[in-house]
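Asks: model this:
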Amino acid sequence: IIGRDHRVVNNYFEGLRGDGERAGVCWMNGIPDGPLNGYGPVRNATVSHNTFVDCKVSMEFCVTPSKKNTVVPKDCCVSHNAFLPGKWELFRVHGQPESFAWSGNKYQEGKTRGADLVDFERVSISLVRASDGLLRPEETGLLQTKSNSGVTHDIDGHARTASIAGCDDPGNESVDRRWAATCGPSWR
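Replies: Alright, predicted model coming up:
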């Protein structure tokens, strides 16, 4: 993530082996008053309702600190994500992001390096491999959150039945391909 007002919502990340700039979600340090083709400081980004399964690094913060890249991400929201790191790291933190709002995120037990960035609710999340190849939650119980994110549809375009962490609302089964065709990678 570089620059202002980005939204990373309803994504499914599985088996990614990148780190640094190639982490599941990478929050870059910015250049103060940098050129238009430079690394604009990250401001007001939202990362919500994503599912991270077995990724080497789910999120990496303040990447590429240098003499030029000194501005840490600020005023961002990380909410309602489901993290299942397995044997891998949850986060890598190269600097302290400022004024982040964290809510409704769920974390499956695994390695805890980076987990001290924020207090998470740790739960046992049960997933099953669906016919479309994605791991999907069996039930909503442990993924339900007390806060509402304002995201009204899940990865398949179905209306969310509750405030659920992750990209998929398990209350819905079939994929609405009309919705999927309007966002994310091509389904063809």
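Asks: Please enumerate the helices of the chain.
Replies: For the chain, applying DSSP state H gives helices covering 177-180.
Asks: Could you tell me which ranges of it sit under the pLDDT cut-off?
Replies: Where the chain drops to pLDDT under 70, the residues are 110-117, 119, 140, 171-188.
Asks: Check it for its longest strand and report it.
Replies: strand 57-63 (DSSP state E).
Asks: strands paired with that strand, and their directions?
Replies: strand 25-28 (parallel), strand 89-93 (parallel) (DSSP bridges).
Asks: May I see these organised as TSV, with mean neighbour count and distance to Pro137 added?
Replies: C-betas here are computed from N, CA, C, even on glycine. Output for the strands paired with strand 57-63, formatted as TSV (neighbours: other C-beta atoms under 10 Å; distance: least, C-beta to C-beta, whole Å):
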stretch	mean neighbour count	distance to Pro137
strand 25-28	23	20
strand 89-93	20	19
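Asks: can you tell which of those strands is closest to Cys76?
Replies: For these, the distance to Cys76 is smallest for strand 25-28, at 7.7 Å, taking C-beta to C-beta.
Asks: now what about the closest one, what contacts it?
Replies: By C-beta atoms under 8 Å, 6 or more residues apart in numbering, the residues outside strand 25-28 that reach it are 1-2, 8, 13, 20-21, 39, 42, 45, 47, 50, 58-64, 69, 73, 76, 97.
Asks: So what does the residue nearest in space to the middle of the chain look like in phi/psi?
Replies: Residue closest to the average C-alpha location in the chain (C-alpha atoms, centre = their mean): Asn50, at 4.4 Å. Note on Asn50: backbone dihedrals following degrees, to the nearest 10 are phi -110, psi 150.
Asks: ok, now which ones touch the closest residue to Pro32 other than its chain neighbours?
Replies: Leaving aside its sequence neighbours, Pro32 sits nearest to Val71 (C-beta to C-beta, 6 or more residues apart in numbering; 5.2 Å). Neighbour list for Val71: 29-32, 41 [criterion: C-beta under 8 Å, 6+ apart].
Asks: I'm done for today, thanks for sticking with me.
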